[in-house]
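[1] Structure of the sequence below:
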Amino acid sequence: MRIDLDEHSRVWASFLAVCKQDLLYQSRIHLLQSFGTASQNVYLKREDESGFGTTGSKKRKIASLLAFLTKGGYQNIGIIGGPRSNHVVSLLQWVRESAMQPHLFLKASHSPALGGNALLLDLLAKEDEICWLENEAWPSALTIAEETLARLKGKYFVVPEGGFCEAAVPGLATLLMDIERNEAALGKAFDHICIDAGTGLTAAILIWLNAWRKRSSQIHVILTVGTPKSFTEVMKKAQMWLAPYLKGGALPSMPAYRVYRSATAAAYGSVNATIRKAVRRYAQSEGVLCDPIYTAKLLYSCEKLLEQSVLQGSTLIIHNGGGTGLMGFKF
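    The predicted structure follows:
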């Protein structure tokens, strides 16, 4: 199916129309001086510079998610996640600003430390707004949240862990729009685009839209959560959610992409000596602050791909923010 420029413009406009547009932003790119070789130019997209408490893909998700919640007249908002979640802290701020009532369903933590997002959560949330779920109850978090809010007065909506829901899709679609703006300014398209994946929705939307635009850029996904098999399921869900905007037939059956586990400390939440050293090295060599759970693993894994000559030509690495996760760590 051939898609002309007018069709592309119409689809981009349809994404923007359902976003809270004052939350959308343009982020810059810059060359990483210590990465690459004469045949490998590596740029970093500074999604982390889009704010403090809410940055990167979290802010793009919320741009459409918050518009959806506001338009729907939802009063009680269930938020599912861990006590150190970037997403929970991000969404909670905007729910409060919008005079909605938050209800947090969090995975129980028995650590007394209030570092990173746990510290911010302690500031933002009241004790009676939190329902702590032990490990055995965690798989049923969505059901528990739905049943709890159904008993309250007022319209409710439960936001799944990581904001993994259809309402987040339009905001996430703006990432590729902004990458194309960067490419136009640079005067060339990127041969490779590298991104990390927690829930994987941001990466999946990027892959599908890259294919829909018939771009030649190869997408590389570094998993910090899940497996290649579980990411395939995320891809299928993203395809279903995108189809109404793209008129269904515009999407291929499954686009090409490459997926990897983190080159070190692959287990979710793990931080080893290699990552700690990498965080300090990126700060001192590039002036870039990155959290040890997501972005440091992304950058370190990309370094290994560069060493293996997997990434040739021009590469863009997406820095999705999460710097608040640095608090409480010693490097």
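
[2] how many other residues sit next to Leu119?
    Per other Cβ atoms under 10 Å, the neighbour tally for Leu119 reads 17. All C-beta atoms are positioned from the backbone trio N, CA, C, and that covers glycine.

[3] can you check Ile222 too?
    27.

[4] which residues are in contact with the helix or strand harbouring it?
    Using DSSP states H and E, Ile222 maps to strand 218-223. Contact with strand 218-223 is made by 191-197, 200, 203, 206-207, 210, 231, 256-262, 266, 297-298, 301-302, 305, 310-311, as judged by Cβ atoms under 8 Å, 6 or more residues apart in numbering.

[5] gap between it and the chain center?
    Strand 218-223 sits 13 Å away from the centroid of its parent chain (Cα atoms, centre = their mean, to the nearest Å).

[6] Let me know the next secondary structure element after it.
    Next element after strand 218-223 (DSSP H and E): helix 228-246.

[7] Grab the most central residue of this protein for me.
    Ser57 (4.0 Å; Cα atoms, centre = their mean).

[8] Contacts only, for Lys58.
    Going by Cβ under 8 Å, 6+ apart, the list of residues near Lys58 reads Asn86, His87, Ser90, Leu91, Gly163, Asn320, Gly321.

[9] where exactly do the helices run in the stretch 201-331 of the chain?
    In the stretch 201-331 of the chain, the segments counted as helices under DSSP state H, counting those that start in this stretch are 201-212, 228-246, 273-286, 295-307.

[10] Quick one: mean pLDDT over the shortest one.
    In this case it means helix 201-212. Mean per-residue pLDDT for helix 201-212: 96.

[11] which strands and helices sit next to that helix?
    On a contact count with 3 or more Cβ pairs under 8 Å, 6 or more residues apart in numbering; DSSP states H and E, helix 201-212 meets helix 56-72, helix 169-186, strand 192-197, strand 218-223, helix 228-246.

[12] The ones you listed: which one's closest to Ser109?
    Closest of the helices and strands packed on helix 201-212 to Ser109 is helix 56-72, at 20.2 Å (criterion: Cβ to Cβ).

[13] residue ranges with poor pLDDT in the stretch 151-300 of the chain?
    248-250 (pLDDT under 70).

[14] Could you do the stretch 1-150 of the chain as well?
    For the stretch 1-150 of the chain (pLDDT under 70), the answer is 1-5, 112.
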